[in-house]
Structures are given as C-alpha cells and as structure tokens.
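> Predicted model and sequence follow; I will ask about them next.
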Amino acid sequence: EMSIDIISNLQHYFIQSNLRMNDSKQVTFLSCPDMSSRTLHKVCHGGISQNKEVSHRLHQCRILGEQQIDLSNLSLCKVPPDIIHLYNITVLCIYRNKLLTLPPEISKLCNLVTILASENALSCLPDEMKFLKKLETLDLRHNKLTIVPNVVYEFSSLRKLMLSYNKIDLITDDLRSLSSLKSLILNGNKLKSIPIAIGSLQNLELLDAGNNQIQCLPETITECSMLSQLVLKYNEIRILPENIGNLHKLVRLNLMGNKIAHIPNSICFCEKLQDVVLHDNKIAGIPKGMLTSLPLLKTIKLSRNQLKSIPSDGPKSFKNVTDINLEKNQLNMIPYGIFSLARKLISLNLNDTGISNLPFDFGKWSSIIELSLAYNQLKCIPDEIQFLENLKHLCLNYNQIHSLPKSIGQLKRLQILECDGNLLKNLPAEIGSLLDLLKMSLSNNQIAALPPQIGCLYGLSELNVSENCLVELPCEIGHLNKLKRLNISNNQLGNLPIQLTLCDELSSFCYENCPLDEIPANVVLSGPQNIILYLSSLNHTSRDKRVKVN
C-alpha cells in the first residue's frame, strides 16, 4: 500500500497504473492487478483527507497569526513546503510522524523557539538550521539518530535538549558550546561515557543519562555548579567522582542499577539533597555522618545492596525522612530507637532483610502509612502495633507468624492486610473492627475457620483465603456487599453458604481444588456463575418452604 498526499501528484501514477481521474476528482479503476479497490480508496481518499487537514492547519495559522503550528500525528513523510511562509511561529510541533529529516528551508523560520519532533525517523538535521538563533527547546526523542547532529552544537541559545531513545553512542566535547543549556536528557541511548566538556555547562540543572552503558563519570561533572538533578540509573558505573560534594545545589540523585560499591565522603556537603536512590548496587555502607549532614533528606532507597546493618548516625538520622527502602539487604535486626524521631516517616520497606524481631519501641512508628516486612523470620507481631494509628498498608507475607494480635483491631485506617505464606491457624475476632479494610490476603496458611466477625468488613472488595484448611465459610460472608474478588482455592470446602449470593458485586470467584461435593458435579464443572445461580435457587426454595409453613 502507498500513501500520496496531494492529488496532483497522483497524475503520473494514474497514467502508469491505467487509472483515470475525471473532473469531479473521482478515480476510475481500469486495470491494476496488484492493487485492490480498498487499497486504492485508502491511497487516494486517505491522502487527500490528510492533505486537506495539513492545508487547513497551515491556513488557520497564517490567517490568525498564531505563533504555534501543530502538525503532529499526521503520518507526514516530509514537512510541507508552505510552512516557510509562517514567519512568526515560535513553536513547531511535528512529533509522531514519519519524517526522515527536516528541510533546509526551516532555517527561514527565524523566530522559532521550540521544535518538538519526537517519535519520527530522523537520522540527521540540515546544517542550515544553525540560523535558528532563538531556539531554546529541541525535542528529538524516539528517533534514529546515531550521533548528535553537528548543527545542534550551533544552538548557543538552547536551554533544553532532549535526545532520549535514539542510538547515540558518543557526545563530543563540542557540547561546551551549549553554554545556556539547563536540561540535557540522554536516557535510552548507547553512551559509554560523558564528555569532559560537561563541566563547561555552568547553567545545567538537569542531567538524565539513564539506561546507557556509561562506565565512569568525568571529575568535571562536579563543576556543574547549578546541577540539581542527576539521573544516571541503569548504567555500568563503578566509581563516583570524589568531589561529588561540590554539587551544592543537588536535590535529586538517582544512581540505581549500577555497580557502585563506595559513596564518597564528600556527599555530606550536598546539603540540599532530598532524594537519594541507590537501589541495586554493591554498597556495603554509607559515609559516617551522611544522614545527619543532609537535613532535607526525604527519600533514601538502598534496596538490593550489600548492607549488613541499617545505616545510622543516631536517632536523628531519619528525622525528616518520609520514605525508606532497605529491601534485600542482610540487616538481621532493627536497632532500638533508630526510628524513634522519624516522625515524618510514611513508607518503610524492610522486605527480605533477615529480621526475626521487631524492636521494643515499634509502637512509636506512629506516622507510618505503609509498612512492608515480608520474607523475613518474624514469628509474632507485638501488641504495640495498635499504636500505628496511621497505618493503611501492612505486608507480612512469608514470615513464620503463628497468630495475629487482638490489638490489630485498633488499626482503624488499615486498608490492605497481606499475610500470605505464614503459619496462621485462626484469625482474632477483632479483625472485624477493621472497617476501612479493602483487601485482605491470607493465602497459604493453616486457617481452619474464618470468624463470623468477618461479616463486619463491609468495605472489603478482595478476599484471598486460598491454600488453607477451611471446611466451611461463615454465612456472614453474605454481608460483604462490596466484595468483588474471592479466592477460596485449595481448601477442604464441601459446600458454600447460600448467603454468598448476596455478594452482588462479586465478579471474580476462584474455587479450584475444593471438593464442593455437596453441590452437583455438573454445576461445579460449569463455572462460578452457575454455582451462584444454584445457590440462589436453593435460597428461593428455602424461602418458599418457610412461606408455606407460616
């Protein structure tokens, strides 16, 4: 199939393909064995429609004197030549097309400030573009560039350069000519290094070179005195510049997914740091005094490293921190008092850290909203959990917990309770006090019965009690009017309560590997919907009998 924009350009094709076009612009098919009538319609009418849309947008822009032209998402293979008459436009939107390059004539649009040309097939840019002296934003993401076009280095007024998701393997030292640059986005390329000239960009505030193959950073990067965001995630970096502390305005540092083993002591001088993301490296420890030296620190993510203990400089270490992730480190214990002053802590992830006990001051973690303690060796949960009054999400999956404390019923704001893969044999009746609970997952335990108080969880929308020892479900389950998903698979249930039919919103019901021998086999095999219908029929029969007796 082929697409042609302008009907006049079809004339030659009509002659060659034995087509005839009459005065009313209708096409008559004579003989063209390689093209169906549907394809022909698409070629002619689709191209004509597209051309009309382009012409309309150009006309509107010219007549109204607009400063922005939007030619995005039109499957254009080239920029329409009439665009050169739009002398006043400052913004050119040509993203999501099929452009291979830009025309040299684009240089006549001397007032252009922004070019948005992402999601095309650009592999080069014309040198004539160097006359665009006012250009400040250039978006070339998701194209087919293998090098940075030389003309890009001519844009001395450029403030934002986006080159993500191309195939660029080298940035040259010509980068120093972009002295006005504030944002440089290079993620998703094939870069192996950052040029030494990066230090010349004294106005640079954001550098994102994540998802490349960068092995080391030049020391000159620490000369970017205005840098506030440094994102180098998923590279192959092993060593950080020793003078990284010179980045006094650094607010966000993301180095996740590298091979870093050592954090320079100078990082303590980055006093404006708020977010430190070092997930998935080889870090065994952080500099002494780092946490207390960073008073604005809010997020620290050190999961999947080689830590042997929780980094700490005393109780003030996490004073202003809101999010801590230490998952998959061999911490083994939580020191007493370490989070006692962390009154802004909202999320704490200690999954798979080898801990077997919670500290005595556990109840003082009252600000926490999300607490993850999965894949550890915990055998019990202290009664002090009742003091975590803001807790909304509690994950205890795959520990060795034998029972939940009665005090869990005091968690009035709890919305999600996950306790899969433990040794629970029952649930406390107080579980029915969790009136805000939306999801409860208790699969792979040894629970023999659910307490009738479960019927008080009126807001519950998801319940998973698969792989337990249940022989019956409480009839109170019918009170769960908002229940949408129910999984009772791999239990010893012989029957189901009629009241299950009262769960009007139930849309997902799993009962695999349950005997259900008190329900006709053909009904069980016909699916969950028919089981509910069968139970409903029993309910009507029972009701009719009661009416006759009365």
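That came in fine, so what should we check first?
> Residue 501 belongs to a helix?
Yes: counting by DSSP: H, G, I helix; E, B strand; the rest coil, residue 501 falls inside a helix.
> Tell me who's in contact with it.
The contact partners of residue 501, by Cβ atoms under 8 Å, 6 or more residues apart in numbering, come to 478, 532, 535, 536, 539. Where C-beta positions appear, they are placed from N, C-alpha and C, glycine not excepted.
> Closest to residue 103 out of those?
Nearest to residue 103 among these is residue 532, at 64.9 Å by Cβ to Cβ.
> Not counting its neighbours along the chain, what's nearest the closest one?
Nearest non-adjacent residue to residue 532, counting by Cβ to Cβ, 6 or more residues apart in numbering: residue 501, 5.8 Å away.
> In stretch 141-152, which residues are buried?
Residues 141, 142, 143, 145, 148, 149, 151, 152 are the ones in stretch 141-152 that count as buried (16 or more other Cβ atoms under 10 Å).
> so which of the residues you listed comes closest to residue 412?
Distances from residue 412 to the buried residues of stretch 141-152, taken by Cβ to Cβ, are shortest for residue 141, at 46.8 Å.
> Give me the pLDDT value at the closest one.
Listed pLDDT for residue 141 reads 98.
> looking at this, it is in a helix?
No: counting by three-state DSSP, residue 141 is not part of a helix but coil.
> What distance do you get for it to residue 481?
Between residue 141 and residue 481 the computed distance is 48 Å (Cβ to Cβ, to the nearest Å).
> do the same with residue 454
Going from residue 454 to residue 481 by Cβ to Cβ gives 13 Å.
> Looking at those two, which one has more neighbours?
Shown here are residue 454 and residue 481; by other Cβ atoms under 10 Å, residue 454 has more neighbours (23 against 13).
> Quick check: the more buried one touching residue 477?
Yes: in this structure, residue 454 is within contact of residue 477 by Cβ atoms under 8 Å, at 6.7 Å.
> Tell me the one of the buried residues of stretch 141-152 nearest residue 462?
residue 142 (37.6 Å).
> so the closest one makes contact with residue 165?
Yes: here residue 142 reaches residue 165: they are 4.7 Å apart, a contact under Cβ under 8 Å.
> Quick one: mean pLDDT for stretch 343-350?
Rounded mean pLDDT across stretch 343-350 is 97.
> again but with stretch 472-487, I slipped
Confidence over stretch 472-487 (mean pLDDT, whole number) is 97.
> about what we covered before: between all of the buried residues of stretch 141-152, which two are separated the most?
142 and 151 (19.5 Å).
> show me the contacts for residue 297.
Residue 297 sits in contact with 273, 274, 276, 291, 320, 321, where contact means Cβ under 8 Å, 6+ apart.
> Quickly note the distance from residue 403 to residue 410.
For residue 403 relative to residue 410 (Cβ to Cβ), the value is 16 Å.
> Residue 538 too?
39 Å.
> neighbour count winner among those two?
Between residue 538 and residue 410, residue 410 has the larger neighbour count (other Cβ under 10 Å), namely 18 against 13.
> Not counting sequence-adjacent ones, nearest residue to that one?
Nearest non-adjacent residue to residue 410 (Cβ to Cβ, 6+ apart): residue 386, at 3.7 Å.
> distance of the one you found from residue 433?
11 Å.
> list residues touching both of those two?
residue 410.
> now the stretch 401-550 of the chain, which segments are flagged as low pLDDT?
539-550 (pLDDT under 70).
> which residue ranges form the helices in it?
521-525, 528-549 (DSSP state H, counting those that start in this stretch).
> distance between the ends of stretch 148-160?
14 Å (Cα to Cα, to the nearest Å).
> try stretch 393-409
14 Å.
> Would you format the contacts of residue 297 as a markdown table with secondary structure, pLDDT and neighbour count included?
Below are the contacts of residue 297 laid out as a markdown table (DSSP: H, G, I helix; E, B strand; the rest coil; pLDDT from 0 to 100; neighbours: other Cβ atoms under 10 Å):
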| residue | secondary structure | pLDDT | neighbour count |
| --- | --- | --- | --- |
| 273 | coil | 98 | 26 |
| 274 | coil | 97 | 18 |
| 276 | strand | 97 | 24 |
| 291 | helix | 92 | 22 |
| 320 | coil | 94 | 16 |
| 321 | coil | 96 | 23 |
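> Pipe these into CSV and attach distance to residue 330 per row.
Shown next, in CSV, are the contacts of residue 297 (distance: Cβ to Cβ, whole Å):
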residue, distance to residue 330
273, 26
274, 28
276, 21
291, 20
320, 27
321, 22
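> Just the closest of those residues to residue 111, please.
Closest to residue 111, out of all of the contacts of residue 297 and judged by Cβ to Cβ, is residue 274, at 38.2 Å.
> who's in contact with that closest one?
251, 252, 296, 297, 298, 299 are the contacts of residue 274 under Cβ under 8 Å, 6+ apart.
> is the last one in a bridge, and if so with what?
Beta bridges link residue 299 to residue 275, residue 323 when assigned by DSSP bridges.
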